[in-house]
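>>> model this:
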Amino acid sequence: FGIWGYLDKKVETALQPVLNVMQTMPQFAYLVPIIALFGLGDHAGSIATIIIATPPMIRNTILGLKRISPEVVEAGLMSGCTKSQLLFKVLIPTARRDILNGVNTVIMQCLAMVVIASFVGAKGLGLNLKIALNSLKIGKAAEAGLCIVIIAVILDRFTKAWANKPVDYFENLTLFERHRSLVIFGAAILVFSIIAFIANGYFDKINYLYIIPIEKGLTIAHYIDSGVDWVWDTFFYTLNTFNKFLLTQVLGPMKKAYLGMPVISTFTLAMGAAYIVGGLRTGLIVGGMLLFIALSEYWDRALITMYMATFAVLMASLNGIVLGSIFGRSERGSQILLSVCDFFETFPSFVYLIPVIFLFNITDTSVLIAAIIYATVPATRYTVWGLKSVPLSLHEAGTMSGVSPFQRWTNIEIPIAFPTVMLGVNQTVVFSLQMVILGALIGTEDLGQIIFGALSRTKDGAGVALTLGIFVSLIAISVDVIVRNWAEDRKKALGLD
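Predicted coordinates for the structure are as follows:
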């Protein structure tokens, strides 16, 4: 689809709204129709994972092919390439890095689905983690989550190294020299497989070179449980006080304000912001999306989802701007911070819920803190990118004008970087909504709870799940329309486009 979208502009135009909905729709929304069509089991989990992981691969393929310099295409045509030769011998090898980055994203999406897929019968670490959490065995859950994270980090490093590996297409190498690493890798697998087979004669019952049974493996669950107990004994009153304050003084009033706002006021606020930013067309688009939600019976639940996402976005954006501004002003600091962001992006979203559950129990506080941590990553990354995009000439002009570092940050760097920062806020909205919906697993009262409940509804579960999933997508797309229009207009005004 990515190659097709690149070759045909009409296909790309048709794909964009579909990909937008697919990437913003909650993962649970896919599960109910998949159960109805394919039943339960590993195959159902695989199908759900494929559907969710496909959109970023399509986008990265289109983006990578579009980034190819026109001179490269012209050189291929002048060399007498046919259309297929141009595609497979010139375009795809040139776009290799972006396509492999898409593969990296797909791997991360697949690992993020391991727990979600367990709800449709898929086995593995995700099922172990789900069972442990249901039993409130924090140590076992954390252990399974840590295993998922380690796998994600290893695969992330492999795929990124592969994507960034330089390729010299003009090297005159023999077949062995060109594939030396692959040959060595294959030989090592063969040798170690033979050793493991021979070891059957040396082990009495269990061949530890072949498999390590679960009951014989190492475990750190009891250490984690001891740490949890120590945290509870030491910080119980502090955590409890903070939890009560947040629920009663901040989240409670905010929730009441959202639920108490008349529908017409909500429309006026959203459509007014869209009209100011993008004109009448943008205002009508946002209004149409919200109207679709308002005409349903789930408007109140949608407002609860919006309130939780709003709080998470505000806090995550503030964290990202502060962290990005502190560390992103130096080359070394920005490299360290981006490396930390890369590390946290390898965490499957479900893993963020594990520590907050034992700290704050099953409350809105737990979900929101997990959402804030999860959504801080894109806000931080885009803040660093935005600050790095500020022209050096403006820095020098500020220095010559005698401004202080704080004045340079507030009057030069942030205004110039803010359009890019807002694109990070856009991503933060999507991340926050995903985590808020995922919070249904620990008892939130928003759209996610109904989507999760649809798993057990045999009659109309598929329709309800998909409808509510589309509602969440419309919320995210409405914000995306407003923010993206504002960012583009601001970039043009600043001469950055």
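>>> per-residue confidence for P391?
At P391, the predicted lDDT confidence score is 77.
>>> got a list of what it touches?
Counting by Cβ atoms under 8 Å, 6 or more residues apart in numbering, P391 makes contact with I416. In this view, the C-beta of every residue, glycine as well, is placed from N, C-alpha and C.
>>> again with I151
Residues near I151 by Cβ under 8 Å, 6+ apart: L111.
>>> next, find the distance separating it from K216.
20 Å (Cβ to Cβ, to the nearest Å).
>>> repeat that for R332.
From R332 to K216 the distance is 45 Å (Cβ to Cβ).
>>> and what of I194?
23 Å.
>>> tally up the residues packed near E74, please.
Neighbourhood size, E74 [other Cβ atoms under 10 Å]: 10.
>>> contact partners for it?
Contacts of E74 (Cβ under 8 Å, 6+ apart): none.
>>> what helix or strand is it on?
E74 belongs to helix 70-78 when assigned by DSSP states H and E.
>>> before we move on, what about V430?
In this assignment (DSSP H and E), V430 forms part of helix 414-438.
>>> which residues are in contact with the residue nearest the centre of the chain?
In the chain, the residue lying closest to the centroid (Cα atoms, centre = their mean) is F431, at 5.9 Å. Listed by Cβ under 8 Å, 6+ apart, the contact set of F431 reads A316, A371, Y374, A375, V377, P378.
>>> cool, and V377?
With Cβ under 8 Å, 6+ apart, V377 has these contacts: G320, C341, F344, E345, F431.
>>> and I264, its phi and psi?
As for I264, its main-chain torsions (degrees, to the nearest 10) stand at phi -60, psi -30.
>>> make 15 the first number, not 1, from now on.
In the new numbering, first residue 15, that becomes I278.
>>> circling back: now secondary structure too, for the contacts of F445, in a markdown table please.
Converted to a markdown table, the contacts of F445 look like this (DSSP: H, G, I helix; E, B strand; the rest coil):
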| residue | secondary structure |
| --- | --- |
| A330 | helix |
| A385 | helix |
| Y388 | helix |
| A389 | helix |
| V391 | helix |
| P392 | helix |
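>>> between those residues, which is nearest K103?
Checking these against K103 with Cβ to Cβ, the nearest one is P392 at 35.9 Å.
>>> buried sites along the helix or strand encompassing F250?
Per DSSP H and E, F250 falls inside helix 235-259. For helix 235-259, a neighbour-count test (16 or more other Cβ atoms under 10 Å) marks A235, I238, D239, V242, L253, N257 as buried.
>>> packing partners for it?
Counting contacts by 3 or more Cβ pairs under 8 Å, 6 or more residues apart in numbering; DSSP states H and E, helix 235-259 packs against helix 152-178, helix 367-374.
>>> tell me the buried residues in the longest one?
This points to helix 152-178. 152-160, 162-163, 165-166, 169-170, 173, 177.
>>> how about stretch 52-63?
Buried, per 16+ other Cβ under 10 Å, within stretch 52-63: F52, A58, G59, S60, I61, A62, T63.
>>> how about the closest residue to T108 other than its chain neighbours, what does it touch?
Take T108 and drop its neighbours on the chain: the residue closest to it by Cβ to Cβ, 6 or more residues apart in numbering is I82, 5.0 Å away. By Cβ under 8 Å, 6+ apart, I82 lies in contact with L105, T108, A109.
>>> for the last one, what are its contacts?
The one in question is A109. Neighbours of A109 in contact, by Cβ under 8 Å, 6+ apart: T75, G78, L79, R81, I82.
>>> residues in contact with the second one?
Okay, so that is G78. Contacts of G78 by Cβ under 8 Å, 6+ apart are A109, R110, R111, D112, I113, N115, G116.
>>> coming back round to it: now do the helix holding V444: distance to the chain's middle.
Put simply, helix 428-452 sits 11 Å off its chain's centre (Cα atoms, centre = their mean, to the nearest Å).
>>> pull the number of nearby residues for G483.
Look at G483: counted by other Cβ under 10 Å, it has 27 neighbours.
>>> and it, what helix or strand is that in?
Counting by DSSP H and E, G483 is part of helix 475-508.
>>> elements contacting that helix?
Counting contacts by 3+ Cβ pairs under 8 Å, 6+ apart, helix 475-508 packs against helix 23-38, helix 42-52, helix 277-292, helix 294-308, helix 313-341, helix 428-452, helix 461-467.
>>> what about the closest residue in space to L260 that isn't next to it in sequence, neighbour count?
The shortest distance from L260 to any non-neighbouring residue, by Cβ to Cβ, 6+ apart, is to T379 (5.3 Å). Neighbour count of T379, defined by other Cβ under 10 Å: 21.
>>> again with the one 4 residues further on
Residues near I383, counting by other Cβ under 10 Å, number 22.
>>> just checking, it touches N375?
No: assessed by Cβ atoms under 8 Å, I383 is found out of contact with N375, at 11.8 Å.
>>> looking at the protein, which helix or strand does the model trust least?
One helix or strand of the chain scores below all others by mean pLDDT, DSSP states H and E: helix 189-192, with a mean of 73.
>>> just the CA trace of the following helix or strand past that helix, in CSV.
Once the chain leaves helix 189-192, the next helix or strand it forms, by DSSP H and E, is helix 194-212. C-alpha atoms of helix 194-212 as CSV (Å, rounded to 0.1, in the frame of the first residue of the first chain):
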residue,chain,number,x,y,z
ARG,A,194,30.1,-12.6,5.5
SER,A,195,28.1,-11.6,8.6
LEU,A,196,25.1,-13.7,7.4
VAL,A,197,27.3,-16.7,6.8
ILE,A,198,28.9,-16.4,10.2
PHE,A,199,25.5,-16.0,11.9
GLY,A,200,24.1,-19.1,10.1
ALA,A,201,27.2,-21.1,11.0
ALA,A,202,26.9,-20.1,14.7
ILE,A,203,23.3,-21.2,14.8
LEU,A,204,24.2,-24.6,13.2
VAL,A,205,27.1,-25.2,15.6
PHE,A,206,25.2,-24.3,18.8
SER,A,207,22.2,-26.3,17.6
ILE,A,208,24.5,-29.4,17.3
ILE,A,209,26.0,-28.7,20.7
ALA,A,210,22.5,-28.5,22.3
PHE,A,211,21.6,-31.8,20.6
ILE,A,212,24.7,-33.5,21.8
